[in-house]
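> Model the following, please.
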Amino acid sequence: MIDGDDELYGLMAEFSSPEAVIGAAKRAREEGYCELDAYTPFPIEALAEALGHHHSKLPLIVLLGGLLGAVAGFGLQYWTSVIDYPLNVGGRPFNSWPAFIVPTFECTILGASLAAVFGMFFVNGLPMPYHPVFNVPRFAQASRDHYFLVIKAKDGKFDRKATRAFLESLGPGEVADVEH
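Next up, the predicted model:
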C-alpha cells in the first residue's frame with residue numbers, strides 16, 4: 001500500500017450485470033492486480049476463473065481426514081480385539097482383519113465428512129461475523145441484483161488514486177472506499 005492509509009481495506013466498484021463484473025475482474029488481473037474479491041447474489045463460475053482463484057486445499061484436507069478415520073477405526077478394532085480383550089472364538093486369529101473392513105470403511109467416511117465440514121470452515125475463514133465491505137451502504141444490494149469487485153489495499157500495485165481511476169474506467173455505477 002503506497003498511500004499508507006491503514007484504515008483503508010480497499011476500493012469497491014459496483015456493476016449491474018454479471019458480464020460487467022467478469023470483464024472488470026479480467027481487466028484488473030491483466031493490469032496486474034492480484035488481491036481481488038468479488039461479491040455477487042449467486043455463484044458465477046467464470047468469475048472465479050477471472051479472479052485467478054486456483055484449486056482449494058479442501059480435497060487434501062478431506063483425504064487426510066479419511067485416512068485418519070480409517071487408521072483410527074482399524075486401530076480401535078485391533079486394540080480391542082488383540083490387546084485389550086482378546087477372545088478366541090472358533091479358533092479365528094485375534095487380528096481378523098476381514099471382520100474389520102466394514103467398521104473401518106464407516107470410520108473413513110466419518111473422518112472424511114468431519115474433515116470436509118471443519119476444513120470448509122477453516123479454508124473459507126469462517127465464522128466471519130464482520131467484514132469491512134459491510135461498511136459500504138450500497139453493499140446491501142449484493143444479495144439482490146448488484147455485483148461488486150473489490151481491489152484490496154494490501155495489493156502490491158494498489159495506489160488509491162490510480163486504482164480509483166482504473167476502476168472508474170471500467171464503467172461501474174459507483175466506486176467506494178472500503179474502510180476497516
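
> Please count neighbours and contacts with C-alpha atoms only from this point.
Fine.

> any idea where the helices of the protein begin and end?
Secondary structure of the chain by DSSP state H: the helices cover 18-31, 45-51, 58-78, 97-123, 160-169.

> Next one: E45 from V21, what distance?
Distance of E45 to V21, given as Cα to Cα, to the nearest Å: 12 Å.

> Go ahead and confirm A13 touches A176.
Yes. Distance between A13 and A176: 6.5 Å, which falls inside the contact criterion (Cα atoms under 8 Å).

> Looking at these two, which has the bigger crowd around it?
Between A13 and A176, A13 has the larger neighbour count (other Cα atoms under 10 Å), namely 23 against 18.

> so who does that one touch?
A13 makes contact with F148, L149, V150, L167, E168, P172, G173, E174, V175, A176, according to Cα atoms under 8 Å, 6 or more residues apart in numbering.

> Who wins on neighbours among those residues?
For those, counting by other Cα under 10 Å, the largest number of neighbours falls to F148: 29 neighbours.

> Enumerate every residue touching that residue.
With contacts defined as Cα under 8 Å, 6+ apart, the neighbours of F148 are M12, A13, E14, F15, V21, A38, Y39, T40, F139, A142.

> Specify the beta-bridge partners of it.
Under the criterion DSSP bridges, F148 forms beta bridges with E14, Y39.

> and it, how far is that from G75?
When Cα to Cα is applied, the distance between F148 and G75 equals 50 Å.

> rewinding a little: any chance of CSV for the helices of the chain, columns mean pLDDT and distance to G90?
Below are the helices of the chain laid out as CSV (pLDDT from 0 to 100; distance: least, Cα to Cα, whole Å):
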stretch, mean pLDDT, distance to G90
helix 18-31, 96, 68
helix 45-51, 92, 59
helix 58-78, 97, 18
helix 97-123, 96, 14
helix 160-169, 96, 77
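
> Just to check, F100 is in contact with F74?
Yes. In this structure, F100 sits in contact with F74. The criterion is Cα under 8 Å, and the distance is 6.6 Å.

> the more surrounded of the two?
Neighbours per residue (other Cα under 10 Å) separate F100 from F74, with F74 holding more: 21 against 16.

> most centrally placed residue in this structure?
For the chain, the residue whose C-alpha lies nearest the mean C-alpha position (Cα atoms, centre = their mean) is N124; its distance is 3.5 Å.

> Just read off the phi/psi values of that residue.
In this entry, N124 is assigned phi and psi values of phi -90, psi 0 (degrees, to the nearest 10).

> Would you mark the buried spots in stretch 112-126?
Applying a neighbour-count criterion of 16 or more other Cα atoms under 10 Å, the buried positions in stretch 112-126 are A112, S113, A115, A116, G119, M120.

> Figure out how far it is from the centre of its chain.
In terms of Cα atoms, centre = their mean, to the nearest Å, the gap separating the centre of stretch 112-126 from the centre of its chain is 9 Å.

> All good on my end, thank you.
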